[in-house]
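1. Structure of the sequence below:
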Amino acid sequence: MRTRLWAALAAVALLAGCASIPTSGPVRPGITTDPEQQSFEFLAEGPSVGDTPQQIITGFISALPQGFDTDFQIAREYLTPGASRDWDPLESLVVFGSGDFVGAWDEDGTAVVYSVPLAATLDAHGRLVEAAVGEETTLDFSVVQDASGEWRIASLADGALIAESTFENLFREVNLVFASQDGSSEVVETRWVADAFAPTRAASELVMGPSPWLSDAVLSGFSSAAALEVGTVVVTDGEALVPLVSEAAEETAGAGLGLAQMERTLTALPTVTDVQMTLGGVPVESAADVMLEPPDVPSEEAAAIVGSRLGLWNGSELRVTPDSAGAIPSRANGLAQSYSGRQTAFLVGGSRLVVTDALSGRLSSLVPSAGVGDAPDEPMPLDTLLTGSDLVSPSYDGHGWLWTAESEGGGVIALDAESGGGERADLSAEWLTARVIEALAVSRDGARLVISSTVAGQPVLEVTGIVRNDAGVPVSLTTPLQIGVSSGVAVDLAWVDSTTVAALGVSVDEGITPVWIVGVGGFTEAVSAATDTVAMTARSGLTSLTVVTGDAEALARSGTGWTPVVDGVVELAYAG
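-> Have a look, this model is predicted:
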């Protein structure tokens, strides 16, 4: 029975659009290609006369992919009238991965429980939760015979089920755009929507607002009463018409912000080039004072530790501080650079956080690294901002605040470093109390903080929202979102872009160091770095991801491998 059942479910996956069922390899990101590059048609047929209970269930599963653009009409033919009426296929989505389906039927062959290899789940709002390696879920079905003796499914849970490769062809990753609390830049949240109805679903989810973990860290131009006036966003010749009920504009944020959010969200879709939004039938006009833009990309110049000196590397040339600048301490590590370039921070022995303006003159104030001799005789003047017992490598946000933490302090510390005001914010969080913090990094929009920690020796990677007051001072952290469940302990972190974090692990067999590319609200991909990798940084995009080895060699991501780019650097750090 088990062999026949697996063969039937494998055929279901093929009918659902899988070329094959993978048995190895990393989790892959969702589709990002244009519709014209997708010519997938999912064909399905209704039940046949005399189908067995097993055929009814596998036929139902094979019909599910087609349902995402047909309201599941064919899939419902496999259900009894009552089950069809009660079943909500959009309540959730189980994305199953490669592996065996184990079905346990009852004695009379009318009820079955499947153990299903899980890749991810999706809730009704398009929020994806990645499954850990080896995780499974169960699916329950029961069948009955109708008046004509045909078997139909009478009991099933809400939601749908599709293969991972089918999900990649049917669903699109969209970024809902919100505003940072000071309105200076956009902050995005990833959701996944059926590609056939992407404009409608993206608009609807944007209007409903950010997820709880992010809501207190961002602004939205839509109130809690906001809703689409009709259920569909119509796109005509590239223009998306978004009709909202009149209560949709939040007085404190204004319809102008809502329109800017809608434009930024929908025009990222390949079918939309313009947006017209109406409130109660009245067109919303753009607001001149609302300019939602992505946060600034870090400078192409990365700060560097080169022996006993600081330096800058611009991708082709490495220059360092002259003798007159002095020598940095021998135990310097955890390098960070402010976005303005006026300040550089690092740890001394893990117990002292210091800053310097030695690189503020940029490349023109430095000397070629090849022309310097031994270490300068005098120490470099440094300002100590914080002393502690075991500090985490620091990270700058775009507002000039410098973030760190005591590894076992139960919270994080933000210092108003660049302004010179000396203000300090201690952000304790109950969920961090039992954690050992390994690394942290602030997103470029300043609204999110990714934290790597361990709990009872188990690795946890999370993103939390940063709540600020009207003066921009950090005041609290939100309840976090767990990401990268298939990754291990991360000792260094870097934001690759607004929705992707790179996490550096520890060296394993033969010294190879794992690196995980983690989607915030998406999938995780594991790659291998060079032997004995000790640090990592990124500027913008995966090709800017750069690792540094214990032999003071820096390598940049190139395709599926790494290319040497500069020698002699102990650490590199783009702004952030």
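2. domain ranges for this protein?
-> Domain assignment of the chain by automatic domain parsing yields the ranges 2-170, 181-283.
3. Out of the ones you listed, which is closest to residue 514?
-> Closest to residue 514 of the domains of the chain is domain 2-170 (Cβ to Cβ; 11.0 Å). Yep, even glycine has a C-beta here, placed from its N, CA and C like the rest.
4. All the helices of the chain, in order from the start?
-> For the chain, the helices defined by DSSP state H cover 2-15, 53-63, 73-76, 81-86, 164-170, 198-208, 212-215, 255-266.
5. max-length strand in the chain?
-> Under DSSP state E, the strand in the chain containing the largest number of residues is strand 111-123.
6. Put the alpha carbons of it into PDB.
-> Included here for strand 111-123 are C-alpha records, laid out as PDB according to Å, rounded to 0.1, in the frame of the first residue of the first chain:
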ATOM      1  CA  ALA A 111      -9.800   7.800   6.900                       C
ATOM      2  CA  VAL A 112      -6.100   8.500   6.500                       C
ATOM      3  CA  VAL A 113      -3.500  10.500   8.200                       C
ATOM      4  CA  TYR A 114      -0.400  11.500   6.100                       C
ATOM      5  CA  SER A 115       3.000  12.500   7.500                       C
ATOM      6  CA  VAL A 116       4.200  15.100   5.100                       C
ATOM      7  CA  PRO A 117       7.800  16.500   4.700                       C
ATOM      8  CA  LEU A 118       7.500  20.200   5.400                       C
ATOM      9  CA  ALA A 119       9.300  23.000   3.500                       C
ATOM     10  CA  ALA A 120       7.200  25.900   4.800                       C
ATOM     11  CA  THR A 121       3.800  27.100   5.800                       C
ATOM     12  CA  LEU A 122       2.000  30.200   4.700                       C
ATOM     13  CA  ASP A 123      -0.800  31.900   6.600                       C
END
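7. Who are the packing partners of it?
-> Other helices and strands packing on strand 111-123, by 3 or more Cβ pairs under 8 Å, 6 or more residues apart in numbering; DSSP states H and E, are strand 92-96, strand 102-105, strand 128-130, strand 136-145, helix 164-170.
8. ok, that strand: who's next to it in the sheet?
-> Here strand 111-123 is paired, per DSSP bridges, with strand 92-96 (antiparallel), strand 102-105 (antiparallel), strand 128-130 (antiparallel), strand 136-145 (antiparallel).
9. And these: which comes nearest residue 175?
-> Per Cβ to Cβ, nearest to residue 175 of the strands paired with strand 111-123: strand 128-130, 12.9 Å.
10. that older thread, gap between the longest strand of the chain and the chain center?
-> Taking the mean of its C-alpha atoms, strand 111-123 sits 23 Å from the chain's own mean (Cα atoms, centre = their mean, to the nearest Å).
11. when you give positions from now on, start the count at 48
-> Sounds good: first residue 48 from here, last item strand 158-170.
12. Which residue ranges of the stretch 298-447 of the chain form strands?
-> Secondary structure of the stretch 298-447 of the chain (DSSP state E, counting those that start in this stretch): strands at 321-326, 329-330, 349-353, 356-360, 365-367, 379-384, 391-395, 399-403, 414-415, 430-434, 442-443.
13. which residues touch residue 424?
-> Contact analysis of residue 424 by Cβ atoms under 8 Å, 6 or more residues apart in numbering lists 370, 374.
14. residue contacts, residue 250?
-> Residues counted as contacts of residue 250 (Cβ under 8 Å, 6+ apart) are 275, 280, 287, 289, 309, 312-313.
15. How about residue 503?
-> residue 481.
16. tell me, which of the helices and strands packed on strand 158-170 is the model least confident about?
-> Ranked by mean pLDDT, these bottom out at strand 149-152, with a mean of 87.
17. What are the buried residues along it?
-> 150, 152 (16 or more other Cβ atoms under 10 Å).
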